[in-house]
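S.K.: Next one to model:
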Amino acid sequence: MNRTRTRVGCGAVASRGTGVGTSADMARMSACSTALLAAVFVAWTLTPARGQQGTPASGEWRVNGGDTGSTRYSPLDQINASNVKNLTVAWRWKAQNMGPAPQAAWEVTPLMVGGKLFFTAGTGRTVVAADAATGETLWLYRGDDTAERGSVRANNRGVSYWSDGRGDDRLLYITPGYQLVALNAKTGVPIAGFGKDSHVDLWLGLDRAKVQNGTIGATSPPIIVRDVAVVGASLRVGVALPTKDNTPGYIRGYDVRTGKLLWTFHTVPQAGEFGTDTWGRDPQTGIDSWKFTGNTGAWGPLTGDEELGYVYIPVEAPSGDTYGGQRPGANLFSDSVVCLDAKTGKRVWHYQLIHHEMWDYDIPAAPILLDLTVNGKKIKALAQVNKSAFTFVFDRTNGQPVFPIDEKPVPQGNTPGEWYSPTQPIPSKPAPFDRQGVTLNDIADYTPEIKAEALKVAAQYNLGPIYTPPIVKDAGGKLGTIQLPGAGGGANWMGGAVDPETGILYVPSVSAPYISALQPGGTRSEMQYIAAGGLGGPTVMGMPLIKGPYGRITAINLNSGEQEWMIPNGKPADSLLNNPALKSAGIDASNWGGGQRSPILITKTLLFEGSNNLRVIDKKTGQQIHAIELGANLTGGTMTYMLNGRQFLVAVVGGSQGGGAELVGLAFPQPGAGGRGGRGGAPPPEN
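M.R.: Here you go, the predicted model:
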């Protein structure tokens, strides 16, 4: 493989046998065995567990989610409600020249270790080290393997950091061509003893005779637990795949020092493994579906518990996303939270959140780890949000639900050849954080005229509760099922953030319908049906058929399972703000929220949200305190750190009007420095 690498020092640029199962089987498959529960029981102590209590006391941000438990929480409070309005721009780092074209949606979360920021930038995933005080570029690394393999997605979310505590400090990242690379964090030089020539080829061991270019990669960085780098996979979108035989997204663990493959976990179980009985035979060919089904990767951020030695994998949907007649059965481990031993890759427990996927409701968000007290009992917990707008809460040591999860009957469909699960797991608590399903009560009814038109539009579609199946387009005179949440969520890869001191989870979500319809595969695919719908949903008189709000943030107390508050989030579309029918009726849509969202940051007292500007919110009440206009939508993860006695916020801003994306570092002006940071100084007085 031809690789080019450049390191540049720069200035500031800135039930077995059937495979189909009964309702009882569904419940059995959702939990782990009693033997496993006993094997993994860990006694509770009052000492906080490492890695899921927020960022470290040093004030650094060492992991994509703030800590390995993905809390996105920092206890820093130099920036607070009384002085946040005094923040100014300390520096900007521009990504405009990173890659052949400017990157508009930059989903990275920078890391900060030892006074340096580490991140990837541009479609070529250049690794960057920058001075965390000034934004000055210190070094760059780019590995050119995109021409041979292509990239399944252009977006990327950054790097991982590891140190042995004795001077061996490394950055690990995954190239667009799906290779794991280790760099010296001090210099950016590849580590020669890692893998082959500092690279580990992640295509090796995928158990498919042929893996096509552009079909597999990774958009999220590895999670490192107990010196094991655990790697997920992002695969080609499965709504209209040309073949039934697709690449599965196995989860793999590599030695962080040598790059040696330590273990592989098959997200589609292979011969003789637990779960193969949940993959029935393709009715058309008679072949066991576990032999050919692909996807079931983990494309979102992963989570780990360093103390327990576990990693938690949010597994996505199998191929295809919206039709599964060729794979009858519940299909483990798709749409499951899977807990693995980080050292061995052995399954500790799992829980399947959706049986037999047909809604593209995969789990895109990192599981969040925190410690709870529920009915007087202390629990090491895991909270998982997903596209369906449910929050599932488990004891992370054994997978037992913290609040009961019931297998409830769901609507059945009549698409030829499809298999339907009779039930789906429904949490008793917390309540959904966004709207689920569609009835006539959900359609636009702001005026009698709007309602009358909305009823006409709604009559063209199939409506129903959550998990109402897709229909074949034009069947029964209907264009499709209006699915809500849509295939984009609900929640998405941004997931949520949690305050580990209070147990309150904060989730950004959108109410964006999807027209869930099918069409014959025909000449496009050997699958019987592929998707024929799309995102966005129907409109009426220039506005969405479904009522708002269209974006929201929900605060959920996970100790009680009750919602604390919900606020609209994001900016409504101009078509709503300027809609003639609404304006003539005197209806103001400015507080209906919108489809923008980015990861939430929680600090000691504040919530930072970045849908269309950087909003500062009182995390106790949901009231907005301040907003900072940064010139474009925020697309990545806002993070914070302390350096030389000065707290910084870094926002990731998407490119606009052809310009590249950028990092914006915010801090208080230093006395006598004219607003330019970098040399410490006392924090400003509160006012």
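S.K.: Can you list the residue ranges for helices in the protein?
M.R.: 23-30, 34-40, 146-149, 448-458, 574-577, 580-584 (DSSP state H).
S.K.: remind me which residues of the protein are low pLDDT?
M.R.: Along the chain, segments meeting pLDDT under 70 span 1-52, 144, 146-148, 150-151, 208-210, 656-658, 672-687.
S.K.: okay, which residue is most central for it?
M.R.: residue 493 (1.8 Å; Cα atoms, centre = their mean).
S.K.: My guess is it contacts residue 363. True?
M.R.: No: counting by Cβ atoms under 8 Å, residue 493 stays clear of residue 363, with 9.9 Å between them. In this view, the C-beta of every residue, glycine as well, is placed from N, C-alpha and C.
S.K.: can you pull the contacts of residue 506?
M.R.: Under the criterion of Cβ atoms under 8 Å, 6 or more residues apart in numbering, the contact list for residue 506 reads 496-499, 553-556, 600, 602, 607, 619.
S.K.: make it 10 Å
M.R.: Going by Cβ atoms under 10 Å, 6 or more residues apart in numbering, residue 506 touches 72-73, 433, 496-499, 553-556, 564-565, 600-602, 607, 609, 617, 619, 622.
S.K.: before we move on, what about residue 587?
M.R.: So residue 587 contacts 446-447, 450, 576, 579, 581 (Cβ under 10 Å, 6+ apart).
S.K.: do residue 200 as well
M.R.: Contacts of residue 200 (Cβ under 10 Å, 6+ apart): 172, 174, 178-182, 194, 229, 231, 252, 254-255, 258-261.
S.K.: Distance of it relative to residue 207?
M.R.: 17 Å (Cβ to Cβ, to the nearest Å).
S.K.: Please enumerate the strands of the stretch 451-600 of the chain.
M.R.: 471-472, 481-483, 497-499, 504-510, 514-520, 529-531, 534-535, 539-540, 543-544, 551-557, 562-568 (DSSP state E, counting those that start in this stretch).
S.K.: and of those strands, who's closest to residue 645?
M.R.: Closest approach to residue 645 among those (Cβ to Cβ): strand 497-499, 24.3 Å.
S.K.: returning to that earlier point: now, which of the contacts of residue 587 sits nearest residue 217?
M.R.: residue 576 (36.2 Å).
S.K.: Can you give me the distance of that closest one to residue 441?
M.R.: In terms of Cβ to Cβ, residue 576 sits 20 Å off from residue 441.
S.K.: Check residue 547 too.
M.R.: Following Cβ to Cβ, the distance that separates residue 547 from residue 441 is 9 Å.
S.K.: Please identify which of those two sits among more neighbours.
M.R.: More crowded of residue 547 and residue 441, by other Cβ atoms under 10 Å: residue 547, with 17 against 7.
S.K.: what number of residues lie near the nearest residue to residue 595 once chain neighbours are set aside?
M.R.: Nearest residue to residue 595, sequence neighbours excluded (Cβ to Cβ, 6 or more residues apart in numbering): residue 510, at 5.1 Å. When neighbours are defined as other Cβ under 10 Å, residue 510 has 26 of them.
S.K.: same check, this time on the one 4 residues further on
M.R.: When neighbours are counted by other Cβ under 10 Å, residue 514 registers 26.
S.K.: Likewise for the one 3 residues further on?
M.R.: Neighbourhood size, residue 517 [other Cβ under 10 Å]: 24.
S.K.: same question, residue 445
M.R.: Residue 445 - counted by other Cβ under 10 Å - has 14 other residues nearby.
S.K.: now do residue 613
M.R.: 18.
S.K.: Provide a list of residues in contact with it.
M.R.: So, once contact is read as Cβ under 10 Å, 6+ apart, residue 613 ends up touching 571, 596, 627-634, 651, 653.
S.K.: Looking at those, point me to the pair that's furthest apart.
M.R.: 571 and 651 (16.2 Å).
S.K.: who has more neighbours, those two?
M.R.: residue 651 (25 against 20).
S.K.: Hmm, the more buried one is touching residue 616, no?
M.R.: No: counting by Cβ atoms under 10 Å, residue 651 sits too far from residue 616 to count as a contact (11.5 Å).
S.K.: can you list residues touching both of these two?
M.R.: 608, 628.
S.K.: How about residue 423: what's its closest non-neighbour residue?
M.R.: residue 407 (4.1 Å).
S.K.: what's across from that neighbour in the sheet?
M.R.: residue 425 (DSSP bridges).
S.K.: next one: residue 544
M.R.: residue 539.
S.K.: residue contacts, it?
M.R.: Counted by Cβ under 10 Å, 6+ apart, residue 544 has contacts 443-444, 454, 511-513, 536-538, 550, 573, 575-576, 592.
S.K.: Include distance to residue 369 when you put those into JSON lines, please.
M.R.: Converted to JSON lines, the contacts of residue 544 look like this (distance: Cβ to Cβ, whole Å):
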{"residue": "443", "distance to residue 369": "39"}
{"residue": "444", "distance to residue 369": "40"}
{"residue": "454", "distance to residue 369": "43"}
{"residue": "511", "distance to residue 369": "28"}
{"residue": "512", "distance to residue 369": "28"}
{"residue": "513", "distance to residue 369": "32"}
{"residue": "536", "distance to residue 369": "35"}
{"residue": "537", "distance to residue 369": "35"}
{"residue": "538", "distance to residue 369": "40"}
{"residue": "550", "distance to residue 369": "30"}
{"residue": "573", "distance to residue 369": "36"}
{"residue": "575", "distance to residue 369": "41"}
{"residue": "576", "distance to residue 369": "38"}
{"residue": "592", "distance to residue 369": "34"}
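S.K.: for residue 253, which residues make a bridge with it?
M.R.: residue 230, residue 263.
S.K.: For it, grab the count of nearby residues.
M.R.: If you count neighbours by other Cβ under 10 Å, residue 253 ends up with 27.
S.K.: Check the contact between it and residue 344; I expect there is one.
M.R.: Yes: if you go by Cβ under 10 Å, residue 253 and residue 344 touch, sitting 8.2 Å apart.
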